[in-house]
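Asks: pasting a predicted model and its sequence here:
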Amino acid sequence: MRIELACAVCGKNRFAFPEGGGDSAIVACEDCGHVMGSMGELKQAVSDAVITKSRKPRIHRKQNNIDGR
């Protein structure tokens, strides 16, 4: 599964992840400086994207039982 992150302003995918700041640390685009949000918000967005992408329509096939049921 592939999740792509891109800056809403410049479209680049290079981000500055702060060391040791925890979920409240601010994540910013390294190219234009746009603030993407907190580390906690970014983690939640990625988690939501993974859940959304993992939901695929299920195909239910009729099973052929020996006794015809």
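Replies: Arrived safely.

Asks: use CA for all of it now, contacts and neighbours both
Replies: Noted.

Asks: what's the helix or strand for G33?
Replies: Under the criterion DSSP states H and E, no helix or strand holds G33.

Asks: gap between it and K43?
Replies: Noted for G33: a distance of 19 Å to K43, by Cα to Cα, to the nearest Å.

Asks: and for V9?
Replies: V9 is 19 Å from K43, by Cα to Cα.

Asks: what's the closest non-adjacent residue to the most centrally placed residue in the chain?
Replies: Geometric centre of the chain, nearest residue: V46, 2.5 Å, by Cα atoms, centre = their mean. Among residues not flanking V46 along the chain, I3 sits closest, at 7.4 Å (Cα to Cα, 6 or more residues apart in numbering).

Asks: quick one: pLDDT of that neighbour?
Replies: If you check I3, the pLDDT there is 79.

Asks: against which helices or strands is the lowest-mean-pLDDT helix or strand in the chain packed?
Replies: Lowest on mean pLDDT, DSSP states H and E among the helices and strands of the chain sits helix 39-54, with a mean of 87. Contacts defined by 3 or more Cα pairs under 8 Å, 6 or more residues apart in numbering; DSSP states H and E place helix 39-54 against strand 26-29.

Asks: give me the sheet partners of the strand it packs on and which way each runs.
Replies: strand 15-16 (antiparallel), strand 35-38 (antiparallel) (DSSP bridges).
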